[in-house]
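[1] Could you work out the structure for the sequence below:
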Amino acid sequence: MRRGIMLAGIAILAALVLAAPAGAITYGAPDGEGHPQVGALLAPQAYSDGTWAACSGTLISPTRSSSSTKL
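    Numbering: from 1, shown residues only. Down below sits the predicted model:
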């Protein structure tokens, strides 16, 4: 029992120490070929105030994407 708790603690500590911060594209600035599998889907029409419904996602195959968040 003690060994399991100790191993779990070591695993959690290692995950926290070795985890790298996530990078992100901010404010919609294009970055060339830096993130080739990231995209966005836009609604076919803008809202009356000029804004658009958008959904970002990741391309997981040539014909499929996975939605990650709703904007």
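[2] Any regions of the chain where pLDDT drops low?
    Along the chain, segments meeting pLDDT under 70 span 20-31, 35, 68-71.
[3] Return the distance of residue 16 relative to residue 6.
    With distances taken as C-beta to C-beta, to the nearest Å, residue 16 is found 16 Å from residue 6. C-betas here are computed from N, CA, C, even on glycine.
[4] Equivalent analysis for residue 49, please.
    Counting by C-beta to C-beta, the gap between residue 49 and residue 6 amounts to 57 Å.
[5] who has more neighbours, those two?
    Neighbour totals were compared for residue 49 and residue 6, and residue 6 leads with 10 against 5 (other C-beta atoms under 10 Å).
[6] Backbone dihedrals for the more buried one, please?
    Main-chain torsions, residue 6, degrees, to the nearest 10: phi -70, psi -40.
[7] can you check residue 18 too?
    Dihedral angles phi and psi of residue 18 (degrees, to the nearest 10) take the values phi -90, psi -10.
[8] burial of it, as a residue count?
    7.
[9] ok, now residue 38?
    For residue 38, the count of nearby residues is 15 (other C-beta under 10 Å).
[10] what does residue 11 give?
    Other residues close to residue 11 by other C-beta under 10 Å number 10.
[11] what packs against the helix or strand encompassing residue 14?
    Element membership for residue 14 (DSSP states H and E) is helix 2-18. Helix 2-18 sits against no helix or strand, with contacts defined as 3 or more C-beta pairs under 8 Å, 6 or more residues apart in numbering; DSSP states H and E.
[12] Dump the C-alpha coordinates for it into PDB.
    C-alpha atoms of helix 2-18 as PDB (Å, rounded to 0.1, in the frame of the first residue of the first chain):
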ATOM      1  CA  ARG A   2       2.700   2.400   0.900                       C
ATOM      2  CA  ARG A   3       4.700   1.600  -2.200                       C
ATOM      3  CA  GLY A   4       1.700   2.300  -4.400                       C
ATOM      4  CA  ILE A   5       1.100   5.700  -2.800                       C
ATOM      5  CA  MET A   6       4.800   6.500  -3.100                       C
ATOM      6  CA  LEU A   7       4.900   5.500  -6.800                       C
ATOM      7  CA  ALA A   8       1.800   7.500  -7.500                       C
ATOM      8  CA  GLY A   9       3.400  10.500  -5.800                       C
ATOM      9  CA  ILE A  10       6.500  10.200  -7.800                       C
ATOM     10  CA  ALA A  11       4.500   9.800 -11.000                       C
ATOM     11  CA  ILE A  12       2.500  13.000 -10.300                       C
ATOM     12  CA  LEU A  13       5.700  14.900  -9.300                       C
ATOM     13  CA  ALA A  14       7.400  13.800 -12.600                       C
ATOM     14  CA  ALA A  15       4.400  14.800 -14.600                       C
ATOM     15  CA  LEU A  16       4.400  18.300 -13.000                       C
ATOM     16  CA  VAL A  17       8.100  18.800 -13.400                       C
ATOM     17  CA  LEU A  18       8.400  17.500 -17.000                       C
END
